[in-house]
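Participant: Any chance you could fold what I've pasted below:
(one chain, ligands or ions: 1)
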Amino acid sequence: MLDKQSGIPIYIQIEDYLKEQIARGIYPVKSLIPSERELTDLFGVSRMTVRQSLTNLVKDGLLYREKGRGTFVAEEKMEQPLNGLTSFTEDMKERGLTPGTKLISFTKVHPDPQIAARLGITQEALVHKVVRIRYADDRPMAIERSYLPVSLFPTLTEEALRGSLYAFIEKQEMLVIGQATQRMEAALAKTEDAGYLQISLPSAVVLIERVSSLQDGRTFEVVRSTYRADRYKFLSEIGR
Ligand code: GLP
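Facilitator: Numbers count the residues shown, from 1 in each chain. The predicted structure follows:
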């Protein structure tokens, strides 16, 4: 299986072998892969080498470790298009998954200077601050912290927020959603967010801030979302 003359480092050959086994479904998603000791025997290499391969695959998100249980095959990440102004609910349904929401808090606050500037309102104005955990088939995917002008949505309810905010805006408020600007960056999960997302520390996350406007130009939301980096990859179609 290994070619010691090839010039390709042994740990990389082991990684490639495991990747191929995973791709072929020999080790299906969530299955336990052979232990370090078994792989050491199989390849006739040192345990250090096997460990290096496994650590790399864990870092790449192909495998995950569970303390005292072993190393398992990770699920494929969800591909999230960056082109359309879709809602979380729509994105999950599109994939045949059941969207879920846990409302953590729903309060009225005065926005900080940056949120006020993004929304084009003063700091004296009130905004709804909404914190929600979003689930796909009962598994946490993202946390959303949304800021919405109270003047635009005086009748926003907890019930609406447990479902789709965009459905509330379009079907109940009969407003037309227009466009948004998104900013995306990498970060390490904060302790609080790691708890919500059920990930260990340290874990990578992707932060996306979306500032969205109605078709008439009024900005209706600033949303700061924290996505699990082990569950998402982002896709954009680009042309020249
Ligand atoms: C996405 C966006 C948010 C938006 C939300 C609405 O997750 N990142 O900016 O507020 O969708 O989703 P829903 O209509 O399901 O509440």
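
Participant: Span of stretch 126-145 from start to end?
Facilitator: 15 Å (Cα to Cα, to the nearest Å).

Participant: mind checking how far residue 188 is from residue 229?
Facilitator: Look at residue 188 and residue 229: by Cβ to Cβ, to the nearest Å, they are 10 Å apart. Where you see a C-beta, it was placed from the backbone N, CA and C, and this is true even at glycine.

Participant: near the ligand, which residues of this structure?
Facilitator: 87-89, 144, 146, 164-167, 210, 221, 223, 225 (Cβ under 6 Å from any ligand atom).

Participant: most neighbours, which of those?
Facilitator: residue 221 (26 neighbours; other Cβ atoms under 10 Å).

Participant: What helix or strand is that residue located in?
Facilitator: strand 219-228 (DSSP states H and E).

Participant: how does this protein divide up, domain by domain?
Facilitator: Here the domain parsing of the chain from automatic domain parsing is 10-73, 78-235.

Participant: Quick check: phi and psi at the closest residue in space to residue 91 that isn't next to it in sequence.
Facilitator: Leaving aside its sequence neighbours, residue 91 sits nearest to residue 80 (Cβ to Cβ, 6 or more residues apart in numbering; 6.7 Å). Note on residue 80: its backbone torsions stand at phi -110, psi 110 [degrees, to the nearest 10].

Participant: Report whether the expected contact of residue 80 with residue 234 is present.
Facilitator: Yes. Look at residue 80 against residue 234 with Cβ atoms under 8 Å: they come within range, at 5.2 Å.
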